[in-house]
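**Student:** Provide a 3D model corresponding to the input given below.
(chains A and B)
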Amino acid sequence: MSDRFETHQHDVLIVGGGGAGLRAAIAVCEANPKLSVAVISKVYPMRSHTVSAEGGAAGVIKPGDSLDEHAYDTISGGDWLCDQDAVEAFVKEAPEELLRLEHWGCPWSREPDGHIAVRAFGGMKKMRTWFAADKTGFHMLHTLFQTSLKYDTVIRYDEWFVTKLLVDDGRVQGAVAIELMSGKIQAITANAIILCTGGCGRVFPFTTNANIKNGDGMALAYRAGAPLKDMEFVQYHPTGLPFTGILITEAARSEGGYMLNKDGYRYLQDYNLGKPQPKPVLRSMELGPRDRLSQAFVMEMEKGRTIKGPYGDVVHLDLRHLGEKLISTKLPFVRELCLKYQNIDPIKELIPVRPVVHYMMGGVHTDINGATPLPGLYAAGEVACVSINGANRLGSNSLPELLVFGARVGRAAAEFASKHTTPSAAILAQAMDESRRLRKQLLEKTGGGERIATIRDEMQKAIENGAGIYRTGTSLVETVTKLRELQQRYRNTVLDDRGLTFNTELIAAMELGFMLDAAEAIVQCALHRTESRGAHQRTDFPKRDDEKFLAHSLVYRNADGSSRVEYLPVKITRWPPGERVYGEPSQTKDAQAGR
Amino acid sequence: MAETIQLEVTRYSPEHDAAPTFQRFEVPYRKDWVVLDALNYIKDKLDGSLSYRWSCRMGICGSCGMMVNGEPKLTCATFLSFYAPDAVRVEPLRYFPVVRDLVVEMTDFMVKLQKVKPWIIRKEEKSIADGEYLQTPQQLDVYKQFSMCINCMLCYAACPVYGLDPLFTGPAAIALAQRYNIDSRDQGAKERMDILSQHEGIWACTFVGECTEVCPKHVDPAGAIQQYKLTAAKEWFKSLLMPWGAK
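**Tutor:** Got it, this is the predicted structure:
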């Protein structure tokens, strides 16, 4: 590998080819067809993790529903940590974006008369979740990808891995990337860079997230000097299959599934989530928000009322009463996954499930247009924190988020890129340094003797122990110490693979580095937030504290690699902080108060 | 000592090897492990230099297609227990150039996919303010099956025609073209026909049907190709009968 490497030049560079990245690419083309847009992705775009989303995408479209109700559900679901201006923009633009995807060919499920069908979803007071059976993310991603193919100005760098952002003169001007196929390290310059790399669920040992979800974009931004926001808020989805962590969609519950403990009892009624009814009731019981359901599992386990399994405790998801017809038409993927991976037929048998890390509410701090505080750097999708998700995201809000903020960020980056000129010479010198670093620290390194998998396993164990569903100051401090040790040991990683062609071990080593940074950010934010809110539950500080913490955590990386946490007040427009009420009709009064 | 199982895995590095070889690994045998779990065990514990693609490990991202004992399979959905106690042979997908170990080069498909215009084509676009295109569940059912393609490439690895003639558009790309042709919202069938009615388009297919056999998502590309041939033949007849151009 020589120091002389190729450089490529574009106006806008999008890192990540999932839902947000592809939507952003199309938005740039439509905002200014003269701009050169590049999408760089470590996997072929249709492999991106958007593909795994199952249940649906929320957007107000039916009579009897309103934007204000969607906003209120989102804000109360997020335990008042959402920025309400962002939520208002989001709920307004979500239906438009979902319609646009319909026009692009997304096979949305339909009513008998041909109109879009909607289903119920957790934490939503009205039925407003659009769905394409239970493969919504798959269909959205393939629709976006196939539609993106008609734009000739979109240049794709498939299977390229970004290692560093290049910053000079106070703004981001490019990135260094490795082409997997050849192993060449190259620089790609751009006037604006949009991060759409998704979350970092792989920091945890048990997750629904794909192998590619390593917090790449979060760490790239963090290292470049942009702050991460609200990283302590990690969503555990209440229904993952044990061992594999495969997600059983919330749609299984919105279609009427029950959560049962070892006695066959619908235990959620004991956790302030309403009274059990035979049919699903919106914002109640099994249709409560994910944070509360996952927390209920832990409490149920402590009471000894869960079921012991080979991979830890489980409860049961019961779909048997829904019947074969409903399951086959509305939940075919659930059945396929259960049959194939669990050897269980949900038409006849109970599905063992347990909470599983699913989504990061936090991410790179952006404004309502996806701009980070670092000029030229933008972010959208799970990698970003706008924040519309606050302390707990509602199911079916993340897919429309990709579209709404993908489109917004594309337009904003296009405008910024049109106004700025080509990158400085200092950028290329930096790129050269990065190339040398990769070679010295990884490819040609000898000695050491740490294996990637060992450090990764220890990191995952440490963060689950310290920053799981319930946290304490003591557990978090232990994890901070452990992560520091792992950062040290990470420097002694040696690779078995010294080849240039498709060196996946090299990529895994860099992903581990990104994950260690993301883990540090999660733990630091969790340690400093001495209250309980949404998905962040501190047993040593069990109450929500609006006096001190109606604010976003912003974590910055110091020059010496340590971090510091600051706070930014939440934007409240029309919904003052209130109590989160589920299982009762009284919350409609709060919703009206916002009008 | 716990039970183990043997894996025979293709190794190939263009930098060092003239030709692919097999390497044997012994990994723990567990009933709930899929072939991909065994590969991950090798990479994590035995030899970090083994290269292969994977991501979602739930059969939807389409990354982890390989030949398992000679058959194209998603390795995340192929259990070791199906083969145990015998050794399991894992090779890169057939008919594709090999980049490294179990990684194949799939640029060819990406080019072909774009060529068949897999997007909605309309003479006039409806504005967003006018709402959705109505599409009944019956109209959705017409193309739904073909929209399930995850681009995993198993059908190409199963297709002897593609093996002989790499110019052949191939099962997945044709199925996706047909997916749009028969979508009630689309008006682009004629444009796509111009591309697909060429010899390498649909006519190369000799209806072996292997593509449909191996498809993990029951897309039935063979059915799509047959449908398409029928339409193309009809169009050809029409053009003979009405040389001034029907429609």
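
**Student:** once you drop chain neighbours, what's closest to residue A:546?
**Tutor:** Spatial nearest neighbour of residue A:546, chain neighbours left out: residue A:577 (5.2 Å); criterion: Cβ to Cβ, 6 or more residues apart in numbering or on different chains. For glycine as for every other residue, the C-beta is placed from the backbone atoms N, C-alpha and C.

**Student:** could you look up the SS state of the one you found?
**Tutor:** coil (DSSP: H, G, I helix; E, B strand; the rest coil).

**Student:** so the residue lying closest to residue A:558 once chain neighbours are set aside, which of the three states?
**Tutor:** In space, and not counting its chain neighbours, residue A:558 is closest to residue A:564: 6.0 Å by Cβ to Cβ, 6+ apart. With three-state DSSP as the basis, residue A:564 sits in strand.

**Student:** tell me the contacts of residue B:43?
**Tutor:** Shown in contact with residue B:43 (Cβ atoms under 8 Å, 6 or more residues apart in numbering or on different chains): A:453, A:504, A:505, B:50, B:52.

**Student:** which residues does the host helix or strand of residue A:482 contact?
**Tutor:** Per DSSP states H and E: residue A:482 is located in helix A:473-490. With contact meaning Cβ under 8 Å, 6+ apart, helix A:473-490 is reached by A:450, A:455, A:458-459, A:462-463, A:465-467, A:512-513, A:516, A:519-520, A:523-524, A:526-527, A:530, A:538, A:540, A:561.

**Student:** can we see that at 7 Å?
**Tutor:** Contacts to helix A:473-490, defined as Cβ atoms under 7 Å, 6 or more residues apart in numbering or on different chains, come from residues A:450, A:455, A:458-459, A:462-463, A:465-467, A:512-513, A:516, A:519-520, A:523, A:526-527, A:540.

**Student:** what are the buried residues along it?
**Tutor:** For helix A:473-490, the neighbour count (16 or more other Cβ atoms under 10 Å in any protein chain shown) marks A:475, A:476, A:479, A:480, A:482, A:483, A:486, A:487, A:489, A:490 as buried.

**Student:** which one of those is nearest to chain B?
**Tutor:** For these, the minimum distance to chain B (Cβ to the nearest Cβ) is 14.9 Å, reached by residue A:490.

**Student:** before we move on, the earlier item: quick one: buried ones out of the contacts of helix A:473-490?
**Tutor:** For the contacts of helix A:473-490, buried by 16+ other Cβ under 10 Å: A:455, A:459, A:462-463, A:466-467, A:512-513, A:516, A:519-520, A:523, A:526-527.

**Student:** go through those residues and flag which are in strands.
**Tutor:** Cross-referencing the buried ones among the contacts of helix A:473-490 against strands under DSSP state E gives no overlap.

**Student:** picking up where we left off before, which pair of the buried residues of helix A:473-490 spans the longest distance?
**Tutor:** A:475 and A:490 (22.0 Å; Cβ to Cβ).

**Student:** quick one, helices of the stretch 401-550 of chain A?
**Tutor:** Taking DSSP state H, counting those that start in this stretch as the criterion, the stretch 401-550 of chain A contains helices spanning A:425-438, A:452-466, A:473-490, A:504-528, A:546-549.

**Student:** for the shortest one, name the packing helices and strands.
**Tutor:** Applying 3 or more Cβ pairs under 7 Å, 6 or more residues apart in numbering or on different chains; DSSP states H and E, one finds that helix A:546-549 makes contact with no other helix or strand.

**Student:** what's the mean pLDDT across that helix?
**Tutor:** The average of the pLDDT scores along helix A:546-549 is 98.

**Student:** off-centre distance for it?
**Tutor:** Distance of helix A:546-549 from its chain centroid, counting by Cα atoms, centre = their mean, to the nearest Å, is 26 Å.

**Student:** pLDDT below threshold where in chain B?
**Tutor:** Along chain B, the model assigns pLDDT under 70 to residues B:1, B:243-247.

**Student:** longest helix of it?
**Tutor:** helix B:221-241 (DSSP state H).

**Student:** mind listing what's buried in it?
**Tutor:** Buried residues in helix B:221-241 (16+ other Cβ under 10 Å): B:221, B:222, B:223, B:224, B:225, B:226, B:227, B:228, B:229, B:231, B:232, B:235.

**Student:** residues from the stretch 1-150 of chain A in reach of chain B?
**Tutor:** Those residues of the stretch 1-150 of chain A that sit near chain B, judged by Cβ under 7 Å from any Cβ of the partner chain, are A:43, A:46-47, A:49, A:51-52, A:96, A:99-100, A:102-105, A:107, A:110, A:112, A:114-116, A:138-139, A:146-147, A:149-150.

**Student:** so how far is chain A from residue B:140?
**Tutor:** 6 Å (Cβ to the nearest Cβ, to the nearest Å).

**Student:** so how far is residue A:523 from that residue?
**Tutor:** 46 Å (Cβ to Cβ, to the nearest Å).

**Student:** state the number of residues packed around residue 175.
**Tutor:** Picked chain A for this. Residue A:175 has 27 neighbours, counted by other Cβ atoms under 10 Å in any protein chain shown.

**Student:** oops, chain B please
**Tutor:** Per other Cβ under 10 Å, the neighbour tally for residue B:175 reads 30.

**Student:** for residue A:554, what is the enclosing helix or strand?
**Tutor:** strand A:551-557.

**Student:** need the residues that contact that strand.
**Tutor:** Residues contacting strand A:551-557 (Cβ under 7 Å, 6+ apart): A:222-223, A:227-232, A:365, A:387, A:521, A:524-525, A:528-529, A:563-570.
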